[in-house]
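Q: could you look at this predicted model? Sequence included:
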Protein chains: 2
Amino acid sequence: MPNMHQIAARAKVSLGTVSHVLNDSAKVREPLRKRVLDAVAALGYQPSELARGLRRKKTSMIGMIIPDVTNPFFPAVVRGAEDVAFANGYRLVLCDTDNDPAKETVFLNELRGYRPAGLIVIPSSFGDLAAQVDGYRKAGTAIICVDRTPRRWDGDSVTVANEAGAYAATRHLIELGHTRIATIAGPLRLINAKQRLSGYKRAMRDAGLIESHGYIQEATFDKAGGYAKANVLLHLVPRPTAIFAANDMIALGVLQALRGAGLQCPGDMSLIGFDDLELAEMIDPQLSSVSQPGYRLGASAASLLLERVNNPSGRAQRVVLETELKIRASVAAISNGVKPSFAKQNRVRNSAITAR
Amino acid sequence: MPNMHQIAARAKVSLGTVSHVLNDSAKVREPLRKRVLDAVAALGYQPSELARGLRRKKTSMIGMIIPDVTNPFFPAVVRGAEDVAFANGYRLVLCDTDNDPAKETVFLNELRGYRPAGLIVIPSSFGDLAAQVDGYRKAGTAIICVDRTPRRWDGDSVTVANEAGAYAATRHLIELGHTRIATIAGPLRLINAKQRLSGYKRAMRDAGLIESHGYIQEATFDKAGGYAKANVLLHLVPRPTAIFAANDMIALGVLQALRGAGLQCPGDMSLIGFDDLELAEMIDPQLSSVSQPGYRLGASAASLLLERVNNPSGRAQRVVLETELKIRASVAAISNGVKPSFAKQNRVRNSAITAR
DNA sequence: ATTCGACAAAGAAACCTTACAATTCAGGAA
DNA sequence: TTCCTGAATTGTAAGGTTTCTTTGTCGAAT
């Protein structure tokens, strides 16, 4: 591959001049400029990002660490981030941790060697990111957390209103007359799973509903997790009449379990998910879900990150995007239950309206 | 960030020794070795992949160019490639072309600057890859095409038996008694779209069915494309009774159009897709589809590529994976049609059994 | 006519690593 | 003891770029 020396030689200018032409870093008189450009075209020269990065101590790569490309929610985020990054001349290095903290650590370590301009992380674990952050910050690499943050994260982040979304979903089930409402939470070491569980709990409390034993299950954020824990819930006595699943993949697992048990949704069981994946409205029955804007999550993260790259100091920003409850066919009013009046949030929080 | 010099100074050894310890490129006596490792740990040293790549003229990055992360088929491929690459110490740089040849060109150009060890490409266009390949090959960068290849591609590739899959799908519809079978093909500049169309045509020919005017529609490989062209098909007279969609996203668009027109699937229209996305069996009705192994496609591509990286010469390999027809609820036998006997492929190819 | 300033271009150093050639050392054979 | 051999270690150049410093040129001002 040709290098700058060869361009310089062919254009009969110095190395520095070639660099200035290529980067617009100083004025170069038109005739010389043209000679350089001609040489570049003639030799099919492509600058080495390696040498460039080595010299500048920074590349135009952005490392993105996600838990699983296979969960359709994350590609949406990736897409958002990619679009913004690309438009600004940055490239995305995608790392899939497979929800494995060990793999996450490896990526976090290795990525430093590429001197990326920034990192967009959807963390899978609490500890490692926090431990690594210092190293990155010292190297002048910006980091932003998306969708979830590690414990006590004090950097930039873009997340959604998980607690409020879960509250709205649970509340909707309550308003339909359900009282035996279970939830399948995500892994509780993840802050978003925790927040969604809090939202569920607060709605239950606000309605004066009592947590039944076993009605709160913790699962991995995938179909298999949902399937397994749904089967646990289905064997409880009394059986819940509604389930709030902490994400749509879990909800899909629930549907599968229901089908396996010969139960109808929403006839025997109402179900609300979280994410509102594109497929939510295509499946049978159409899945109610708390919609979160995956693309915007990624896009905001990328633009915030780039802002930070250009202005490393400055207060950390925490963007929180809204969610929206989409009601579809997977929920039904309970026929034989007593419909409880829903306690006003500000008035009776924690008070004791018992509906049963 | 600390560099090798500082490690060498702290460990009181030469630069070369540090390098040997780090790369296992020569034996180093245990005490020295330990001193080096201690210094590395103490300073939190991380080798610069940039300097390394610059020196070696090659990095351990693999560029992967895909048309759209948002189509669930591609993440599966990515996942397969990522797993294999990761296991071998390579990292994936993901580029999303958004099906835009211009963007593809940009990526192809820019990526060279990073001196990746190899490229895994799902091409969106015919021309550009072919034009770039020479440059890459000269730079010693291996390239492999996945899922599709450009016209006259003579390098490594991993694809599926598109023609056979489409043939099987169409043949199944014919065997159910359908005679008015339409297809919504993908963009015909893509070889896989073309092959699937050929499979459809051959099945029709083999059964002696005549191509009706307008029964072959070309669409983009997404839901919007399927929706638009399905609406065209629904207004044809006589209306087709079955549609073979060139991928599942198109099929989803078809379902949407059917719903919009108040038609039943499979009652009024049988439908088979291609890809067998995970969601195919979750939607209503469950979608029949030609299953192709996305993960294996990616994994094979990555391992083939790595083989080629280590052994640049050697004949180009073309791996073709099998497809499998999955029949689900979206197809039904036609009630009032005459069921044609399906012509044996080897006997009556191109002969004139007319079924209507 | 000389000096000054502005600007363009050239040249050299630095970035961090690896590969290779050169040097040192220990131990065995003569 | 001296020489030789093989292994361990060291020194240095190279790789391609950017950036800083220096040199050179030209017109304007003194």
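A: All right, it came through fine.

Q: for the closest residue to residue A:180 other than its chain neighbours, give me its contacts.
A: Distance criterion Cβ to Cβ, 6 or more residues apart in numbering or on different chains; nearest residue to residue A:180, sequence neighbours excluded, is residue A:240 at 4.5 Å. Placement of C-beta: from N, CA and C, glycine included. By Cβ atoms under 8 Å, 6 or more residues apart in numbering or on different chains, residue A:240 lies in contact with A:180, A:181, A:182, A:212, A:215, A:233, A:269.

Q: which residues of the stretch 1-150 of chain A fall in strands?
A: A:61-66, A:91-96, A:118-121, A:142-146 (DSSP state E, counting those that start in this stretch).

Q: sorry, back to before: using just helix, strand and coil, how would you label the residue nearest to residue A:180?
A: Following DSSP: H, G, I helix; E, B strand; the rest coil, residue A:240 is assigned to coil.

Q: go on, residue A:273?
A: Look at residue A:273: counting by three-state DSSP, its state is strand.

Q: partners of it in the sheet?
A: residue A:289 (DSSP bridges).

Q: hang on, isn't residue A:83 packed against residue A:299?
A: Yes. Judged on Cβ atoms under 8 Å, residue A:83 makes contact with residue A:299 at a distance of 6.4 Å.

Q: between these two, which has more neighbouring residues?
A: Between residue A:83 and residue A:299, counted using other Cβ atoms under 10 Å in any protein chain shown, the more crowded position is residue A:299 (21 against 17).

Q: my guess is that one contacts residue A:80, does it?
A: Yes. Applying Cβ under 8 Å, one finds residue A:299 in contact with residue A:80, separated by 3.7 Å.

Q: PyMOL command for the buried members of the contacts of residue A:240?
A: To isolate the buried ones among those in PyMOL, judged by 16 or more other Cβ atoms under 10 Å in any protein chain shown, type:
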select buried, chain A and resi 180+181+182+212+215+233+269
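
Q: with adjacent residues omitted, what lies nearest to residue A:145?
A: Per Cβ to Cβ, 6+ apart, closest to residue A:145 is residue A:157, 4.4 Å.

Q: biggest separation within the contacts of residue A:240, which pair?
A: The distance between the two most remote of the contacts of residue A:240 (Cβ to Cβ) is 15.2 Å, for A:212 and A:269.

Q: where do the helices sit along the stretch 151-300 of chain A?
A: Under the criterion DSSP state H, counting those that start in this stretch, the stretch 151-300 of chain A contains helices at A:162-175, A:191-206, A:223-234, A:248-261, A:294-310.

Q: can you tell if the last one touches DNA strand D?
A: No. Judged by Cβ under 7 Å from any atom of the strand, helix A:294-310 makes no contact with DNA strand D; its nearest approach is 14.3 Å.

Q: about what we covered before: contact partners for the residue nearest to residue A:145?
A: Here residue A:157 is in contact with A:144, A:145, A:146, A:149, A:316, A:317, A:318, A:319 (criterion: Cβ under 8 Å, 6+ apart).

Q: these two touch, right, the first one and residue A:153?
A: No. Under the contact definition of Cβ under 8 Å, residue A:144 does not touch residue A:153, with a separation of 10.1 Å.

Q: who's more crowded, these two?
A: Applying other Cβ under 10 Å to residue A:144 and residue A:153 shows that residue A:144 carries more neighbours, namely 26 against 20.

Q: who does that one form a beta bridge with?
A: residue A:120, residue A:156.

Q: gap between residue A:153 and DNA strand C?
A: Remark: distance between residue A:153 and DNA strand C (Cβ to the nearest atom of the strand, to the nearest Å) = 28 Å.

Q: pLDDT score for that residue?
A: According to the prediction, residue A:153 has pLDDT 88.

Q: who's the closest spatial neighbour of it, skipping the chain neighbours?
A: Nearest residue to residue A:153, sequence neighbours excluded (Cβ to Cβ, 6+ apart): residue A:145, at 5.8 Å.

Q: tell me the contacts of the one you found?
A: By Cβ under 8 Å, 6+ apart, the neighbours of residue A:145 are A:121, A:122, A:123, A:129, A:153, A:155, A:156, A:157, A:158, A:159.

Q: same deal with residue A:176?
A: A:242, A:270, A:331, A:332, A:333, A:334, A:339.

Q: would you mind listing what in chain A touches DNA strand C?
A: Counting by Cβ under 7 Å from any atom of the strand, chain A sits next to DNA strand C at A:12-17, A:26-29, A:31-32, A:51, A:54-55, A:57.

Q: give me that answer again for 6 Å
A: Taking Cβ under 6 Å from any atom of the strand as the measure of proximity, chain A contacts DNA strand C at A:13, A:14, A:15, A:16, A:17, A:27, A:28, A:29, A:32, A:54, A:55.

Q: I only care about those that end up buried; give me the ChimeraX line for that.
A: The buried subset of the residues of chain A next to DNA strand C, as determined by 16+ other Cβ under 10 Å, is captured in ChimeraX by this line:
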select /A:13,17,28,32,54
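
Q: between the residues of chain A next to DNA strand C, which is nearest residue A:278?
A: residue A:54 (42.1 Å).

Q: hang on, the closest one packs against residue B:55?
A: No. Using Cβ under 8 Å, residue A:54 is not in contact with residue B:55; the gap is 9.9 Å.

Q: re the thing from before, what's the most buried one of the strands of the stretch 1-150 of chain A?
A: strand A:118-121 (a mean of 28; mean count of other Cβ atoms under 10 Å in any protein chain shown).

Q: which residues does residue A:314 contact?
A: Residues near residue A:314 by Cβ under 8 Å, 6+ apart: residue A:308.

Q: so it: helix, strand or coil?
A: The local conformation at residue A:314, judged by three-state DSSP, is coil.

Q: for it, give its distance to residue A:142.
A: 11 Å (Cβ to Cβ, to the nearest Å).

Q: mutual contacts of those two, please.
A: Common contact partners of residue A:314 and residue A:142 (Cβ under 8 Å, 6+ apart): residue A:308.

Q: show me where pLDDT drops low in the stretch 201-350 of chain A?
A: A:335-350 (pLDDT under 70).

Q: contact residues of it facing chain B?
A: Counting by Cβ under 8 Å from any Cβ of the partner chain, the stretch 201-350 of chain A comes close to chain B at A:252, A:255, A:279, A:282, A:283, A:284, A:285.

Q: tally of neighbours for the closest residue to residue A:113 other than its chain neighbours?
A: Nearest residue to residue A:113, sequence neighbours excluded (Cβ to Cβ, 6+ apart): residue B:49, at 3.9 Å. Applying other Cβ under 10 Å, we find 23 residues neighbouring residue B:49.

Q: pretty sure residue B:49 sits against residue A:114.
A: Yes. Counting by Cβ under 8 Å, residue B:49 touches residue A:114, with 4.9 Å between them.

Q: quick one, which of the contacts of residue A:145 are buried?
A: By 16+ other Cβ under 10 Å, those give A:121, A:122, A:123, A:129, A:153, A:155, A:156, A:157, A:158, A:159 as buried.

Q: and the least confident of these?
A: Note: of these, the lowest pLDDT belongs to residue A:129, at 77.

Q: who touches residue A:185 in this structure?
A: A:193, A:194, A:196, A:197, A:200, A:216, A:217, A:218, A:219, A:246.

Q: what's the neighbour count on the first one?
A: What that stands for is residue A:193. Here the number of neighbours of residue A:193 (other Cβ under 10 Å) works out to 23.

Q: residue A:98 too?
A: 18.

Q: kindly report the same for residue A:166.
A: 30.

Q: so it sits against residue A:192, correct?
A: No. The pair residue A:166 / residue A:192 is not scored as a contact, 9.7 Å apart, by Cβ under 8 Å.

Q: now the residue in the stretch 201-350 of chain A that chain B sits nearest to. Nearest residue, chain neighbours left out?
A: Ranked by Cβ to the nearest Cβ, the top residue of the stretch 201-350 of chain A for proximity to chain B is residue A:284, at 2.9 Å. Closest residue to residue A:284 apart from its sequence neighbours, by Cβ to Cβ, 6+ apart: residue B:284 at 2.9 Å.
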